[in-house]
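> just coords:
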């Protein structure tokens with residue numbers, strides 16, 4: 001048997017290379033130019049930073065959102081938080097969790113048939129209007145079909161301006177909803193400025209702690225698809241309907257359910 005040369009041994013035992021850039025949207029394997037990053041990487045960073053700022057400071061196309069939701073057979077009511085402008089909203093998260101007085105009166109004035117439903121969906125601009133503009137209608141389209149198929153009634157969709165997640169609790173309480181789904185633009189990062197999050201709560205009321213919510217996040221192209229996200233949310237809704245529990249106690253409540261014979 002001939003002896004392998006050093007070059008052959010290095011070739012035989014060299015580990016396979018991995019293209020990290022194909023495995024994640026994170027900023028990895030950018031390369032370098034001297035002591036700095038390549039120009040292409042620098043320009044991409046500046047573009048993504050600009051997109052993130054635009055997502056935070058721009059506004060949702062409310063007219064188009066309402067038109068598209070109406071086309072799905074859903075009524076829409078507009079509400080706003082106590083944050084009077086975007087600056088106040090960013091500096092005072094507490095104001096974004098409370099409905100303005102005018103919004104409370106608007107919800108109170110809705111007809112009785114709009115109240116007492118199984119599920120109320122609140123779409124909040126949150127920290128990314130881009131996420132709402134791009135993903136909200138597509139997700140509601142998938143989700144509303146699954147909820148109706150499960151025999152659940154859906155109340156009017158509340159579009160909330162300058163809103164945080166907890167604002168959906170007050171909406172749900174006023175409308176007497178059994179469950180609320182808050183769809184909200186998530187804080188943009190430098191790899192995704194259009195990520196939508198969903199927070200599902202059973203028996204919502206003002207002051208509900210975050211521990212009583214279930215979250216589905218990273219809903220976007222390149223993340224969790226709208227179809228899969230809708231199935232995940234509908235599955236959580238079904239589990240909450242069975243147990244009467246949401247949040248950190250949901251899994252334990254499911255375990256305690258009597259097994260089907």
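Everything's here; your move. All figures in this text were calculated on a predicted structure; none of them were measured in a lab. Numbering: from 1, shown residues only.

> any idea which element the residue nearest to the spatial centre of the chain lies in?
Centroid check for the chain by C-alpha atoms, centre = their mean gives residue 197 as the closest residue, at 1.1 Å. Element membership of residue 197, judged by DSSP states H and E, is strand 196-202.

> can you give me the buried ones in that strand?
Taking 16 or more other C-beta atoms under 10 Å as the basis for neighbour counts, the residues of strand 196-202 that come out buried are 196, 197, 198, 199, 200, 201, 202. C-beta: built from backbone N, CA, C; applies to glycine.

> the fifth one reaches residue 250, doesn't it?
Put plainly, it is residue 200. No: counting by C-beta atoms under 8 Å, residue 200 sits too far from residue 250 to count as a contact (9.5 Å).

> and residue 66, how far from residue 77?
Spatial separation of residue 66 from residue 77 under the definition C-beta to C-beta, to the nearest Å is 10 Å.

> which strands and helices lie in contact with the strand holding residue 197?
Contact here means 3 or more C-beta pairs under 8 Å, 6 or more residues apart in numbering; DSSP states H and E; on that basis strand 196-202 packs against helix 167-174, strand 179-185, strand 213-219, helix 226-243.

> so who does residue 103 touch?
With contacts defined as C-beta atoms under 8 Å, 6 or more residues apart in numbering, residue 103 is in contact with 79, 80, 81.

> which of the residues you listed has the most neighbours?
residue 81 (27 neighbours; other C-beta atoms under 10 Å).

> what are the buried residues along the helix or strand residue 147 falls within?
Taking DSSP H and E as the criterion, residue 147 maps to helix 137-149. Under the neighbour-count criterion of 16+ other C-beta under 10 Å, helix 137-149 has 137, 138, 139, 140, 141, 142, 143, 144, 146, 147 buried.

> what's the answer for stretch 214-230, then?
214, 216, 219, 220, 223, 224, 225, 226, 229, 230.

> now those in TSV, with distance to residue 177?
Below are these laid out as TSV (distance: C-beta to C-beta, whole Å):
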residue	distance to residue 177
214	16
216	18
219	21
220	26
223	27
224	24
225	26
226	23
229	20
230	19
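
> could the helices and strands packed on strand 196-202 go into TSV alongside distance to residue 36?
As requested, the helices and strands packed on strand 196-202 are exported to TSV (distance: least, C-beta to C-beta, whole Å):
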stretch	distance to residue 36
helix 167-174	44
strand 179-185	33
strand 213-219	31
helix 226-243	39
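
> strands of the stretch 1-150 of the chain, start to end?
Listed in chain order, the strands found in the stretch 1-150 of the chain under DSSP state E, counting those that start in this stretch are 76-80, 119-124.

> partners of the first one, with directions?
Strand 76-80 sits in its sheet next to strand 157-161 (parallel), going by DSSP bridges.

> pull the residues that contact the partner strand.
Judged by C-beta under 8 Å, 6+ apart, the contacts made with strand 157-161 from elsewhere in the structure are 59-60, 62, 65-66, 69, 74-81, 107, 120-125, 140, 167-168, 171.
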